[in-house]
Structure formats: C-alpha cells, structure tokens
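**Q** Got a sequence here, can you build the structure:
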Amino acid sequence: MFNVHPPLVFLLIAGSTIAAVLIGGCLGGGPVSGDRNIRIIPPAEASALIEEMGGSPGFVVIDVRRPDEFAGGHIPGAINIHSAHFSEHLGSMDPDATYVICCQRGGRSAGVRELMREAGFREVYEIGGGMNAWQAAGLPVVRD
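**A** Okay, here's the model as predicted:
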C-alpha cells in the first residue's frame, strides 16, 4: 500500500502547524494581548461604538488624513491629526483612553495603529477601508 516515512510525516505535520500559526497571526487586524484591544473594525461597528461612547471622556475619534482631506468630509466629532505628524502627539495622548482612527482607505491609519500599539495604548479601533468604506456604508459625514 503506502510506504510511510516517519521523518517525512513529522516534517509535514510540523510545517503545517507552523504555517497555521503564522497565518493566524496575520488575521484579524492584529493580536489582542492582556487587557489591550487594538484591531480593525468595519464601519458599522465603528459607527455603533461612536454612537455609544461619543462625547464620553476618554473617547476620541481621530482622522489621520491631511487637513484638506479632513475639511472635505469627516466623521462627526472627529479631530484631525495628520499621520505625518502623529508621533509628535503621542506623548500628550492618554494611552488608557479609547480611540477610533481612520484615513481615506486604511493605509495611513494602519501605520498610526501600529505606532499606538508600540506606544502601549490600550484600546484602538481602526476603521477598515477608511472614509471610503464609511461613506459607502451611507454613514454620516460632516464637511467644513
């Protein structure tokens, strides 16, 4: 029938296990460790979170696009901190607060999310797909 080679079977099982661990670590917007929650969420979930916590102390929505992009339309209640200057603001931000971050498509906010993770922030939600996805979902936009 089959000629089974134990070393080959071991390598196949070990390789499959390693691949599963590596792939699993790349899904879901990043790991949650300890009491930290840093991840990507869809626009509808972000909208519900903003509706629930908006106006609460310790809750901030940050748009990391350029000021001209922000003025062209942003999430109600959001503040603008351009991603190019974000690291300059980290020291004045509360790492125990809750943040929702977005950009246009998700590229710049992904970098900011990682900066915040590395700086020890506790709760950061990045809007998957950014303002493009937010607007496509028909969610409210304010124009300056």
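**Q** all contacts plus neighbour counts: C-alpha atoms, from now on.
**A** Noted.
**Q** any low-confidence regions in this structure?
**A** Within the chain, the stretches with pLDDT under 70 are 1-34.
**Q** Need the residue closest to the centroid of it.
**A** Central residue of the chain (CA atoms, centre = their mean): residue 126, 2.8 Å from the mean position.
**Q** Tell me the backbone dihedrals of residue 82, please.
**A** Here is the backbone geometry of residue 82 (degrees, to the nearest 10): phi -60, psi 130.
**Q** on that earlier part again, can you name the next helix or strand after the helix or strand containing the residue nearest to the centre of the chain?
**A** Following DSSP states H and E, the helix or strand that holds residue 126 is strand 123-127. As assigned by DSSP H and E, the chain's next helix or strand after strand 123-127 is helix 130-136.
**Q** contact partners of that next one?
**A** Here helix 130-136 makes contact (CA atoms under 8 Å, 6 or more residues apart in numbering) with 43-44, 74, 102-106, 109, 127, 141.
**Q** From these, pick the one nearest residue 53.
**A** residue 44 (14.2 Å; CA to CA).
**Q** what comes into contact with the host helix or strand of the closest one?
**A** For residue 44, the host element (DSSP H and E) is helix 43-53. With contact meaning CA under 8 Å, 6+ apart, helix 43-53 is reached by 59, 61, 100, 125, 127-130, 133-134, 137, 139.
**Q** okay, the residues you listed in a markdown table with distance to residue 82 and neighbour count next?
**A** Listed next are the contacts of helix 43-53 as a markdown table, based on distance: CA to CA, whole Å; neighbours: other CA atoms under 10 Å:
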| residue | distance to residue 82 | neighbour count |
| --- | --- | --- |
| 59 | 18 | 18 |
| 61 | 13 | 22 |
| 100 | 14 | 25 |
| 125 | 17 | 23 |
| 127 | 16 | 27 |
| 128 | 18 | 25 |
| 129 | 17 | 21 |
| 130 | 14 | 22 |
| 133 | 19 | 18 |
| 134 | 19 | 24 |
| 137 | 24 | 12 |
| 139 | 22 | 14 |
